[in-house]
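Peer 1: Structure, please.
(3 chains)
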Amino acid sequence: MRNSRSKLLKLYESLLEAYGRQNWWPVDEEYHRRHGSDPREEIVVGAILTQNTSWKNVERALENLKGEGLLSFRGITSAPLQKLEELLRPSGYYRQKARRLKEVAQTLSPVSRLEKISREELMRIKGIGQETADAILLYACGRLSFVIDAYTKRVVERVFGLKKDAYEELKRWFEENLPKDLELYREFHALLDEHAKRYCKKRDPECAGCPVAQMCLKLE
DNA sequence: CCCCAGGCCGCGC
DNA sequence: GCGCGGCATGGG
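Peer 2: Numbers count the residues shown, from 1 in each chain, chains lettered A, B, ... in the order given. Prediction:
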């Protein structure tokens, strides 16, 4: 549908205009230079840790790992489980995440595996579901895989009146209606999250002052 | 006190 | 093939 295609692009451009480039995914390049690890490893770790968890809490856990020089697949694999749990504590679900991180780090080593791995293969790893797989593909592997999260669903539901509950269906809808541009995929997802946090909040959305209120179905 | 956060898995039906 | 509870910390 041509109409939703142009409206979707318009939404992207408006959000970009309003919030500027987000430059996701944030990684500490310098840390990885010093430790001989790959920044992509940090993206994978962050993707696991941020599951249903605020990024603020994830940052604390990442800092803890860095402090022990363990923010890498090798570090996570070699660390005792108890030690890992302790460091991951601020990110919540820390026992689950410690176990799953070990599994993920081992399965994805060496990190060059990311260059050929498929979405299905990623999702077979315990702890990696649809969204985490897509985030890894998009931000670590550089593939054109649009990421859907709770924020994305909420914004799209309000702006377009689209009630696509099914993850795969909504993902396809984005991918069919966007130009195949890696930076656009990355920025758009980040912008949707930023927008959902600032204005399009779950409870008490601040529609007054919303930068995309003009095109929002909810306000018609 | 409540709800929410950059989800996923295992279970019962 | 679904809906649901459990997982857990920190902030508003």
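Peer 1: From now on I want contacts and neighbour counts done on CA atoms only, so please keep to that.
Peer 2: OK.
Peer 1: List the contacts of the residue nearest the centre of chain A.
Peer 2: Taking CA atoms, centre = their mean, the centroid of chain A lies closest to A:Ala135, which sits 4.6 Å from it. Residues in contact with A:Ala135, defined by CA atoms under 8 Å, 6 or more residues apart in numbering, are A:47, A:145-147.
Peer 1: quick one: which of those sit in strands?
Peer 2: Judged by DSSP state E, the subset of these located in strands is empty.
Peer 1: can I get those in JSON lines with neighbour count?
Peer 2: As requested, those are exported to JSON lines (neighbours: other CA atoms under 10 Å):
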{"residue": "A:Ala47", "neighbour count": "22"}
{"residue": "A:Ser145", "neighbour count": "24"}
{"residue": "A:Phe146", "neighbour count": "24"}
{"residue": "A:Val147", "neighbour count": "26"}
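Peer 1: could you check whether the helix or strand harbouring A:Lys7 is close to DNA strand B?
Peer 2: A:Lys7 is part of helix A:2-19 when elements are defined by DSSP states H and E. No. Shown here: helix A:2-19 not in contact with DNA strand B (CA under 7 Å from any atom of the strand), separated by at least 14.4 Å.
Peer 1: rewinding a little: where's the residue nearest to the centre of chain A, which helix or strand?
Peer 2: Assessed by DSSP H and E, A:Ala135 sits inside helix A:130-135.
Peer 1: shaky segments in chain A?
Peer 2: For chain A, the stretches with pLDDT under 70 are A:1-2, A:219.
Peer 1: Could you list the buried residues of stretch A:202-218?
Peer 2: For stretch A:202-218, the neighbour count (16 or more other CA atoms under 10 Å) marks A:211-212, A:216 as buried.
Peer 1: Show the end-to-end separation of that stretch, please.
Peer 2: Start and end residues of stretch A:202-218 are separated by 14 Å (CA to CA, to the nearest Å).
Peer 1: cool, and stretch A:144-156?
Peer 2: Stretch A:144-156: ends 20 Å apart by CA to CA.
Peer 1: and if you look at stretch A:187-207?
Peer 2: By CA to CA, one end of stretch A:187-207 lies 22 Å from the other end.
Peer 1: do stretch A:106-123 as well
Peer 2: Start-to-end, stretch A:106-123 (CA to CA) is 15 Å.
Peer 1: Contacts for it next, please.
Peer 2: Residues from elsewhere that reach stretch A:106-123 (CA under 8 Å, 6+ apart): A:38, A:40-41, A:73, A:77, A:125, A:128-130, A:133-134, A:137, A:140-141.
Peer 1: Many thanks, we can stop here.
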